[in-house]
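*Asks:* fold the following.
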Amino acid sequence: MKPVILADKLDRVTTHWDPHVVADYNGNDVMVVKFVGDFPFHDHPDTDDFFLVLDGEIVLDIGEEGAEESHVLRAGDLFVVPAGIRHRPRAEREAQVMLIEPKGTPNTGDPATASAKPRL
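*Replies:* Below is the predicted model of the structure:
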């Protein structure tokens, strides 16, 4: 057992939209990721999606096409997208985010298009 220094882990992340596992928690992956630009709309039919902004600002677009709501999240803000809800994160400038998802959950909602989740 030892502390996870998130700043050190994030310094090792050199890509965007690729979550990196930094810890395990009750069958969940605790991950850090850097966002910039727009991620595709997607959903996770069987699990909620947890976002905690560590640095910067992101926008979460939530809802069905043509009826989306946008939520601005800044450092220290968190948002849980319920299972089955269509969403996409986006960021004008690089943002650092913590995600928590059950192990094996594809970040796009589709295993065919999901990023690998390497461990740091």
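
*Asks:* just the mean pLDDT for the longest strand seen in the chain, thanks.
*Replies:* Identified as the longest strand of the chain according to DSSP state E is strand 87-102. Average pLDDT, strand 87-102: 97.

*Asks:* in that strand, which residues are buried?
*Replies:* 87-89, 91, 95-101 (16 or more other C-beta atoms under 10 Å). Just so you know, the C-beta spots here come from the backbone N, C-alpha and C atoms, and that holds for glycine as well.

*Asks:* can you add distance to residue 111 and give the residues you listed back as TSV?
*Replies:* Shown next, in TSV, are these (distance: C-beta to C-beta, whole Å):
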residue	distance to residue 111
87	18
88	18
89	19
91	25
95	25
96	26
97	21
98	22
99	17
100	19
101	13
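
*Asks:* which residues touch residue 32?
*Replies:* Residues in contact with residue 32 (C-beta atoms under 8 Å, 6 or more residues apart in numbering) are 6, 9-10, 13, 19-20, 22, 54, 96-99, 120.

*Asks:* excluding chain neighbours, what is closest to residue 114?
*Replies:* Sequence neighbours aside, residue 106 is the residue nearest to residue 114 in space, at 3.3 Å (criterion: C-beta to C-beta, 6 or more residues apart in numbering).

*Asks:* again with residue 98
*Replies:* Excluding the flanking residues, the one nearest residue 98 by C-beta to C-beta, 6+ apart is residue 52, at 4.3 Å.

*Asks:* what number of residues are in the vicinity of the one you found?
*Replies:* For residue 52, the neighbour count with other C-beta atoms under 10 Å is 18.

*Asks:* again with residue 27
*Replies:* With other C-beta under 10 Å as criterion, residue 27 counts 8.

*Asks:* how far away is it from residue 33?
*Replies:* Separation of residue 27 from residue 33 (C-beta to C-beta, to the nearest Å): 20 Å.
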